[in-house]
Structure formats: C-alpha cells, structure tokens
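Student: pasting a predicted model and its sequence here:
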Amino acid sequence: MGFLLRLLVTALALYLLARVYSGVTFAPGAGVVSILIAALVMGIVNALIRPVLLLLSLPITILTLGLFTLVVNAVVLLIVAAVTALDVAGFGAAFIGALLLTIISWVLDAIVGALGLDGGRD
C-alpha cells in the first residue's frame, strides 16, 4: 500500500507542478498514464541514480553547506524529463521546478500524514 500511495503523491505533485509553473509541463496529449509513468520514473531515478550523484558531489555539497543538493535535484528532474512526457524548459527551469516540486511534495506528504493515510509512517 505504501508504494502505491507514494506513487500517487508523486504523480499529483508532478501534475500540480506542471499546473503552477510554466517551465515544467507535460507534452500535449499526455494523460494520467503519462503522469503516472513520470512519477514511477522519478521514484526509480531517486532510488538508483540520485544517491550516486549525491555521493559523487559530496565534496562540493559540503563546501556549499548542502546547497548543491538543489542542483542534484534539478539534474534528477532533467533525467526524468529526458525519458518521459515531462518537458522542462532548461536547467534554470529544472532548478526552480525541483525546488517547487520539493515544496509541493512536502505539503502533500503532510496532508497524507494528517489524514492518516500513510499507515503511521514516520
């Protein structure tokens, strides 16, 4: 149940991001399935590629007191856009989009937790 809930929250966050910020959109004609595929790819990239990127960028992340993590998140969003129906206008749009996506996901996670839909997940 946790995987499906996380997938739906990520899909909703990506959809809301595309509605709120014009730098990140879905391709014309992209439907619910395309959004769910983008959310699934986002989860896979976050699980497999993002830790490697964070490890490789650890020295610069320490030098910037963790701010370089925002750049890694932008790269992750660009990777997802490269293989799905998600369209990103460029690196600057990916940077702002990743920041907004983090905020939207955080709010949605808080709502899911407040409603008790997460099954007591900490």
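Tutor: Alright, I've got the coordinates.

Student: from here on, contacts and neighbour counts on C-alpha atoms
Tutor: Fine.

Student: do you know the pLDDT at Leu12?
Tutor: Confidence at Leu12, expressed as pLDDT, is 96.

Student: cool, and Ala30?
Tutor: Note for Ala30: predicted pLDDT of 88.

Student: wait, a helix at it?
Tutor: No - Ala30: not assigned to a helix; according to DSSP: H, G, I helix; E, B strand; the rest coil it is coil.

Student: surely it is in contact with Ala38?
Tutor: No - taking contacts as CA atoms under 8 Å, Ala30 lies outside contact range of Ala38: 10.5 Å.

Student: neighbour count winner among these two?
Tutor: Neighbours per residue (other CA atoms under 10 Å) separate Ala30 from Ala38, with Ala38 holding more: 24 against 13.

Student: quick one: name whatever helix or strand follows the helix or strand hosting Arg19.
Tutor: Element membership for Arg19 (DSSP states H and E) is helix 2-20. As assigned by DSSP H and E, the chain's next helix or strand after helix 2-20 is strand 24-26.

Student: same for that next one, what does it pack against?
Tutor: Applying 3 or more CA pairs under 8 Å, 6 or more residues apart in numbering; DSSP states H and E, one finds that strand 24-26 contacts helix 2-20, strand 86-88, helix 91-115.

Student: ok, back up a step: what touches both of Ala30 and Ala38?
Tutor: Listed as contacting both Ala30 and Ala38 by CA atoms under 8 Å, 6 or more residues apart in numbering are Ala85.

Student: and the helix holding Arg19 with helix 91-115, angle?
Tutor: Relative orientation of helix 2-20 versus helix 91-115 (axes from the mean of the first three to the mean of the last three CA atoms, to 10 degrees): 130 degrees.

Student: just the CA trace of helix 2-20, in CSV.
Tutor: Extracted as CSV, the C-alpha positions of helix 2-20 are listed here (Å, rounded to 0.1, in the frame of the first residue of the first chain):
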residue,chain,number,x,y,z
GLY,A,2,2.9,2.4,0.8
PHE,A,3,4.3,2.1,-2.7
LEU,A,4,1.0,2.9,-4.5
LEU,A,5,0.4,5.8,-2.1
ARG,A,6,3.9,7.2,-2.7
LEU,A,7,3.4,6.8,-6.5
LEU,A,8,0.1,8.7,-6.4
VAL,A,9,1.5,11.5,-4.2
THR,A,10,4.5,11.9,-6.6
ALA,A,11,2.2,11.9,-9.6
LEU,A,12,-0.1,14.5,-8.0
ALA,A,13,3.0,16.6,-7.1
LEU,A,14,4.2,16.5,-10.7
TYR,A,15,0.8,17.4,-12.1
LEU,A,16,0.5,20.3,-9.7
LEU,A,17,4.0,21.5,-10.6
ALA,A,18,3.1,21.4,-14.3
ARG,A,19,-0.1,23.5,-13.5
VAL,A,20,1.7,26.0,-11.2
